[in-house]
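[1] pasting a predicted model and its sequence here:
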Amino acid sequence: MKNALLVITLLASPWFTSHIVDYSTTHEVATASSDKVVFLVRHGETCSEQGSNPNLSPFGSARANELSRVLVDVDLEVIFSTPFNRTLGTATPVAASHDLEVVQTPVSSGFLAALANDIKTSDASAILVAGHSNTTPALVNLLIGSELEDLSENDFDRLFVVTLHEDGTGSVVSIRYGLPSGRPEAC
(Lines give C-alpha, C1' and ligand atoms only; values in the text may rest on other atoms or scores of the structure.)
Protein backbone atom coordinates (compact mmCIF):
# COMPACT_ATOMS: atom_id res chain seq x y z
CA MET A 1 0.00 0.00 0.00
CA LYS A 2 2.84 2.38 0.89
CA ASN A 3 4.40 1.79 -2.55
CA ALA A 4 1.08 2.58 -4.26
CA LEU A 5 0.85 5.81 -2.30
CA LEU A 6 4.41 6.66 -3.33
CA VAL A 7 3.60 6.22 -7.02
CA ILE A 8 0.46 8.36 -6.67
CA THR A 9 2.50 11.04 -4.87
CA LEU A 10 5.19 10.90 -7.54
CA LEU A 11 2.67 11.25 -10.32
CA ALA A 12 1.06 14.26 -8.67
CA SER A 13 4.42 16.04 -8.38
CA PRO A 14 5.01 18.97 -10.77
CA TRP A 15 8.45 17.46 -11.48
CA PHE A 16 6.89 14.66 -13.46
CA THR A 17 5.52 14.86 -16.95
CA SER A 18 2.43 12.93 -17.91
CA HIS A 19 4.42 10.34 -19.90
CA ILE A 20 3.95 7.01 -18.15
CA VAL A 21 4.48 3.66 -19.79
CA ASP A 22 3.44 0.41 -18.13
CA TYR A 23 5.38 -2.65 -19.33
CA SER A 24 3.50 -5.26 -17.30
CA THR A 25 4.42 -8.84 -17.84
CA THR A 26 3.39 -12.21 -16.55
CA HIS A 27 6.83 -13.77 -16.96
CA GLU A 28 7.89 -15.89 -14.02
CA VAL A 29 10.59 -14.31 -11.85
CA ALA A 30 12.20 -15.82 -8.77
CA THR A 31 11.84 -13.53 -5.76
CA ALA A 32 12.29 -13.73 -2.03
CA SER A 33 9.22 -14.22 0.14
CA SER A 34 7.33 -10.96 -0.58
CA ASP A 35 6.77 -8.17 -3.10
CA LYS A 36 9.66 -5.80 -3.60
CA VAL A 37 10.10 -2.54 -5.46
CA VAL A 38 13.24 -1.74 -7.42
CA PHE A 39 13.89 1.84 -8.55
CA LEU A 40 16.27 2.03 -11.51
CA VAL A 41 17.77 5.23 -12.91
CA ARG A 42 20.39 6.19 -15.39
CA HIS A 43 23.02 8.54 -13.99
CA GLY A 44 22.48 12.29 -14.34
CA GLU A 45 23.99 14.57 -16.95
CA THR A 46 27.80 14.55 -17.11
CA CYS A 47 30.72 16.85 -17.79
CA SER A 48 31.63 16.53 -21.46
CA GLU A 49 35.39 17.01 -21.31
CA GLN A 50 36.29 14.45 -18.65
CA GLY A 51 36.91 11.33 -20.72
CA SER A 52 35.54 7.88 -19.95
CA ASN A 53 34.79 8.45 -16.24
CA PRO A 54 33.22 11.93 -16.06
CA ASN A 55 31.69 13.55 -13.02
CA LEU A 56 28.14 14.82 -12.98
CA SER A 57 27.67 18.30 -14.39
CA PRO A 58 25.95 20.90 -12.19
CA PHE A 59 22.69 19.96 -13.96
CA GLY A 60 23.35 16.26 -13.27
CA SER A 61 24.11 17.00 -9.60
CA ALA A 62 20.82 18.89 -9.35
CA ARG A 63 19.07 15.86 -10.87
CA ALA A 64 20.72 13.56 -8.29
CA ASN A 65 19.48 15.84 -5.50
CA GLU A 66 15.99 15.80 -7.02
CA LEU A 67 16.08 11.99 -7.09
CA SER A 68 16.95 12.06 -3.40
CA ARG A 69 13.96 14.33 -2.75
CA VAL A 70 11.63 12.11 -4.80
CA LEU A 71 12.71 8.98 -2.91
CA VAL A 72 12.93 10.52 0.56
CA ASP A 73 9.79 8.71 1.83
CA VAL A 74 10.74 5.33 0.37
CA ASP A 75 12.17 2.92 2.93
CA LEU A 76 15.15 1.99 0.76
CA GLU A 77 17.22 -0.83 2.17
CA VAL A 78 19.91 -1.27 -0.50
CA ILE A 79 21.44 1.05 -3.09
CA PHE A 80 23.51 -0.40 -5.94
CA SER A 81 25.69 1.55 -8.36
CA THR A 82 28.33 0.80 -10.93
CA PRO A 83 31.74 2.08 -9.76
CA PHE A 84 31.83 5.13 -12.04
CA ASN A 85 31.85 8.78 -10.91
CA ARG A 86 28.57 9.56 -12.69
CA THR A 87 26.57 6.68 -11.17
CA LEU A 88 28.08 7.10 -7.73
CA GLY A 89 27.33 10.83 -7.94
CA THR A 90 23.71 9.98 -8.72
CA ALA A 91 23.32 7.41 -5.93
CA THR A 92 25.24 9.21 -3.18
CA PRO A 93 22.67 11.93 -2.30
CA VAL A 94 19.98 9.25 -2.00
CA ALA A 95 22.25 7.09 0.16
CA ALA A 96 23.06 10.07 2.40
CA SER A 97 19.38 10.88 2.91
CA HIS A 98 18.69 7.26 3.88
CA ASP A 99 21.84 6.74 5.95
CA LEU A 100 22.93 3.92 3.64
CA GLU A 101 26.17 3.00 1.91
CA VAL A 102 26.24 2.60 -1.85
CA VAL A 103 27.05 -0.98 -2.84
CA GLN A 104 29.33 -0.84 -5.87
CA THR A 105 28.71 -3.56 -8.43
CA PRO A 106 31.82 -4.72 -10.25
CA VAL A 107 31.52 -4.25 -14.00
CA SER A 108 32.64 -7.48 -15.59
CA SER A 109 31.20 -10.11 -17.88
CA GLY A 110 27.85 -11.26 -16.54
CA PHE A 111 27.57 -8.61 -13.83
CA LEU A 112 24.00 -7.66 -14.80
CA ALA A 113 22.76 -11.25 -14.52
CA ALA A 114 24.47 -11.55 -11.14
CA LEU A 115 22.95 -8.24 -9.98
CA ALA A 116 19.48 -9.30 -11.17
CA ASN A 117 19.86 -12.53 -9.17
CA ASP A 118 21.05 -10.61 -6.09
CA ILE A 119 18.02 -8.31 -6.34
CA LYS A 120 15.54 -11.15 -6.85
CA THR A 121 16.86 -13.17 -3.91
CA SER A 122 17.46 -10.24 -1.58
CA ASP A 123 15.40 -9.85 1.57
CA ALA A 124 15.25 -6.09 0.88
CA SER A 125 11.82 -4.85 -0.13
CA ALA A 126 12.96 -1.51 -1.63
CA ILE A 127 16.12 -1.16 -3.72
CA LEU A 128 17.67 1.59 -5.85
CA VAL A 129 20.02 0.89 -8.77
CA ALA A 130 22.00 3.65 -10.51
CA GLY A 131 23.18 2.57 -13.94
CA HIS A 132 23.73 3.64 -17.53
CA SER A 133 21.79 4.12 -20.79
CA ASN A 134 22.34 0.46 -21.68
CA THR A 135 22.50 -1.27 -18.28
CA THR A 136 19.35 0.25 -16.78
CA PRO A 137 16.88 -1.09 -19.39
CA ALA A 138 18.86 -4.34 -19.63
CA LEU A 139 18.49 -4.89 -15.89
CA VAL A 140 14.75 -4.20 -16.08
CA ASN A 141 14.58 -6.82 -18.84
CA LEU A 142 16.45 -9.35 -16.72
CA LEU A 143 14.22 -8.69 -13.72
CA ILE A 144 10.83 -9.05 -15.42
CA GLY A 145 11.39 -10.45 -18.92
CA SER A 146 10.51 -7.24 -20.74
CA GLU A 147 12.14 -6.06 -23.95
CA LEU A 148 13.09 -2.45 -23.26
CA GLU A 149 15.63 -0.86 -25.57
CA ASP A 150 18.66 1.18 -24.50
CA LEU A 151 17.99 4.77 -23.53
CA SER A 152 19.18 7.47 -25.90
CA GLU A 153 22.44 9.20 -25.06
CA ASN A 154 20.54 12.35 -23.99
CA ASP A 155 17.86 10.64 -21.87
CA PHE A 156 18.65 11.23 -18.18
CA ASP A 157 15.23 11.79 -16.61
CA ARG A 158 13.78 8.26 -16.49
CA LEU A 159 12.87 6.51 -13.29
CA PHE A 160 11.84 2.88 -13.77
CA VAL A 161 9.78 1.47 -10.90
CA VAL A 162 9.85 -2.33 -11.06
CA THR A 163 7.63 -4.37 -8.80
CA LEU A 164 8.56 -8.00 -8.27
CA HIS A 165 5.43 -9.68 -6.95
CA GLU A 166 5.35 -12.50 -4.46
CA ASP A 167 3.49 -14.66 -6.98
CA GLY A 168 6.47 -14.57 -9.39
CA THR A 169 5.17 -11.91 -11.76
CA GLY A 170 6.68 -8.50 -12.30
CA SER A 171 5.79 -5.13 -13.77
CA VAL A 172 7.46 -1.82 -14.50
CA VAL A 173 6.31 1.76 -14.77
CA SER A 174 8.52 4.35 -16.45
CA ILE A 175 8.27 7.89 -15.08
CA ARG A 176 10.16 11.06 -15.93
CA TYR A 177 11.49 13.03 -12.95
CA GLY A 178 13.14 16.40 -12.52
CA LEU A 179 13.58 18.88 -15.32
CA PRO A 180 13.69 17.61 -18.91
CA SER A 181 16.97 15.92 -19.82
CA GLY A 182 19.90 18.14 -20.64
CA ARG A 183 23.06 17.38 -22.60
CA PRO A 184 26.58 16.79 -21.30
CA GLU A 185 28.21 20.15 -20.68
CA ALA A 186 31.64 21.60 -20.06
CA CYS A 187 32.35 21.83 -16.34
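    It's in. Numbers count the residues shown, from 1 in each chain.
[2] which residue is the nearest non-sequential neighbour of the spatially most central residue of the chain?
    By CA atoms, centre = their mean, the chain has its centre lying nearest to L40, at 1.5 Å. Distances taken as CB to CB, 6 or more residues apart in numbering place F160 nearest to L40, at 4.3 Å, with adjacent residues excluded. Yep, even glycine has a C-beta here, placed from its N, CA and C like the rest.
[3] one more: H98?
    Take H98 and drop its neighbours on the chain: the residue closest to it by CB to CB, 6+ apart is L76, 4.9 Å away.
[4] give me the neighbour count for that neighbour.
    20 (other CB atoms under 10 Å).
[5] what about it, which SS state?
    Going by DSSP: H, G, I helix; E, B strand; the rest coil, the secondary structure assigned to L76 is coil.
[6] quick one on the thing from earlier: quick one: the residue nearest to the centre of the chain from G131, how far?
    7 Å (CB to CB, to the nearest Å).
[7] got any residues that touch both of the two?
    By CB atoms under 8 Å, 6 or more residues apart in numbering, L40 and G131 have these common neighbours: L139.
[8] quick one, phi psi at the residue nearest to H98?
    Here the main-chain torsion angles of L76 (degrees, to the nearest 10) amount to phi -60, psi 140.
[9] mind giving me the packing neighbours of whatever helix or strand the residue nearest to the centre of the chain lives in?
    Counting by DSSP states H and E, the secondary-structure element that holds L40 is strand 36-42. Based on contacts counted as 3 or more CB pairs under 8 Å, 6 or more residues apart in numbering; DSSP states H and E, the elements that strand 36-42 packs against are strand 126-131, helix 135-144, strand 158-164.
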